[in-house]
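Asker: Compute the structure for the input listed below.
(one chain, ligands or ions: 1)
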Amino acid sequence: MNNEQQETTTLAFSEKYDETHARYYFEKHEQEFWRRLSNWRDHQICARALRIAGNPKSILDMPCGTGRFWDLLVKDPDCKLYASDNSQDMINAGLKYRPAEVASRFETFQGSAFNLPVADNFVESIFCMRLMHHIGEHEDRLKLLAELARVASDSILISLWVDGNLTAWKRKRREAKRKEKRYQNRFVIPQAVIEKEFHDSGLTIEARLDFIPYYAMWRTYVLKVR
Ligand SMILES: C[S@@+](CC[C@H](N)C(=O)[O-])C[C@H]1O[C@@H](n2cnc3c(N)ncnc32)[C@H](O)[C@@H]1O
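Answerer: This next block holds a predicted model:
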């Protein structure tokens with residue numbers, strides 16, 4: 001695995017995923033009722049996204065976090081699976097707490113999404129859940145998309161927060177009412193903005209899959225690499 005490009009982007013939020021946070025992240029999606037329901041819906045959407053992408057035969061789950069989607073990704077016994085994250089503690093938690101027969105299907109490596117330590121066209125598809133909504137700057141999003149397009153030969157499945165729904169509208173209204181500006185590490189990206197960024201990065205939109213149409217901010221895009 002190699003990539004000579006230099007690391008140029010660091011995100012403030014990336015630092016919080018230490019061993020303690022990794023354990024917390026693993027448990028919150030497994031234990032609380034609403035999180036479990038939302039996790040179930042995420043899985044349903046991702047299963048559909050994988051079908052639309054043509055059931056790729058090699059996938060990089062990045063950022064894999066604690067392997068929330070590993071049970072879904074292992075369903076195809078013929079798929080070669082990789083998992084990567086900026087935080088080795090998150091990867092370790094996945095390897096420790098997921099069932100051994102699931103975790104052992106993945107070849108894992110630590111790396112930054114902006115500079116993945118792998119060759120061009122390393123996998124058919126990149127599975128990129130819950131990273132993009134942490135990236136507030138246009139230039140950083142373009143860098144991330146360029147790196148994903150370099151590493152994926154065919155498709156990118158990516159989730160983020162978009163506008164055009166009730167929750168985003170309420171969030172914007174709440175922010176406007178606040179007197180002092182609060183530190184933000186999650187962002188709603190207008191659909192028109194992100195879709196232009198996809199286009200400018202040489203990516204075409206195959207599908208838009210909404211968590212709850214017109215209500216929730218989460219959307220998963222299935223993108224094809226041109
Ligand atoms: C909200 S979690 C999502 C994890 C997983 N995809 C999921 O949906 O459960 C965000 C993850 O992004 C990772 N991360 C943060 N900055 C990163 C970066 N620059 N490159 C790769 N991963 C990063 C964090 O370590 C964390 O595991």
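Asker: give the contact list for Met62.
Answerer: For Met62, the residues meeting the contact criterion (C-beta atoms under 8 Å, 6 or more residues apart in numbering) are Tyr82, Ala83, Ser84, Asp85, Gly111, Ala113, Leu116, Ile126, Phe127, Cys128, Leu131. C-beta coordinates here come from the backbone N, C-alpha and C atoms, glycine included.
Asker: any idea how far the ligand is from it?
Answerer: Using C-beta to the nearest ligand atom, to the nearest Å, Met62 is found at 6 Å from the ligand.
Asker: Near Thr10, how many other residues are there?
Answerer: Per other C-beta atoms under 10 Å, the neighbour tally for Thr10 reads 12.
Asker: Not counting sequence-adjacent ones, nearest residue to it?
Answerer: Ranked by C-beta to C-beta, 6 or more residues apart in numbering and with sequence neighbours excluded, the top spatial neighbour of Thr10 is Ser112, at 7.8 Å.
Asker: pLDDT (mean, whole number) over stretch 18-32?
Answerer: For stretch 18-32, mean pLDDT is 83.
Asker: which of the contacts of Met62 lies closest to the ligand?
Answerer: Ranked by distance to the ligand (C-beta to the nearest ligand atom), the contacts of Met62 are led by Ala113 at 3.4 Å.
Asker: Give me the subset of the contacts of Met62 that also touch the ligand.
Answerer: Restricting the contacts of Met62 to those near the ligand by C-beta under 6 Å from any ligand atom leaves Asp85, Ala113, Leu131.
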